[in-house]
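Engineer: Prediction below, plus the sequence it came from.
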Amino acid sequence: MSTVSQDISTLTDRYQTTVPSGVRKQLNLGKGDRIRYCTDANGRVYIEPVRAEEDDPALGSFLAFLEADIKAHPEQLQAFDGALYNRLKSLVADTAVDLDEPLSIEDE
């Protein structure tokens, strides 16, 4: 992996630091944003922004469970087709969706 940029920050007596401006710009971080520290098997540490949609701990746990199950049992994956596919397709066939349209108050 090639290095795009390098920035240095200093830890305070309370183990706090300032995220360098180049990193903030690259990750599109603002005041109050949260960051996640990820450490790989080689000890390399990465930081990434935590976006609002990631704040649901149940969703994160469920997705981690699914990932582990898929890795452990890839032979159980099946294509989504046949009768179930046709049934679901018929349920939404006449539904128009505009993904750019804002949600109504009732839908939020």
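Structural biologist: Nice, I can see it.
Engineer: Which strand or helix spans Asp13?
Structural biologist: Assigned by DSSP states H and E, Asp13 belongs to neither a helix nor a strand.
Engineer: Next one: the closest residue to Ser9 other than its chain neighbours from Phe80, what distance?
Structural biologist: Of all residues not flanking Ser9 in the chain, Thr17 sits nearest, at 4.4 Å (CB to CB, 6 or more residues apart in numbering). C-betas here are computed from N, CA, C, even on glycine. Thr17 sits 46 Å away from Phe80 when distances are taken as CB to CB, to the nearest Å.
Engineer: same thing with Val19?
Structural biologist: If you measure Val19 against Phe80 using CB to CB, the figure is 42 Å.
Engineer: more neighbours, those two?
Structural biologist: Applying other CB atoms under 10 Å to Val19 and Phe80 shows that Val19 carries more neighbours, namely 14 against 8.
Engineer: For the more buried one, give me its contacts.
Structural biologist: By CB atoms under 8 Å, 6 or more residues apart in numbering, the contact set of Val19 is 9, 29, 35, 47.
Engineer: tell me the two of these that are most distant?
Structural biologist: Greatest spatial distance among the contacts of Val19 (CB to CB): Ser9 and Leu29, at 13.4 Å.
Engineer: Of the contacts of Val19, keep whichever come out buried.
Structural biologist: Buried members of the contacts of Val19, scored by 16 or more other CB atoms under 10 Å, are Leu29.
Engineer: Now secondary structure and pLDDT too, for the contacts of Val19, in CSV please.
Structural biologist: Shown next, in CSV, are the contacts of Val19 (DSSP: H, G, I helix; E, B strand; the rest coil; pLDDT from 0 to 100):
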residue, secondary structure, pLDDT
Ser9, coil, 92
Leu29, coil, 92
Ile35, strand, 92
Ile47, strand, 92
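Engineer: can you pull out the helices in the protein?
Structural biologist: Assigned by DSSP state H, the chain shows helices spanning 21-27, 57-72, 82-92.
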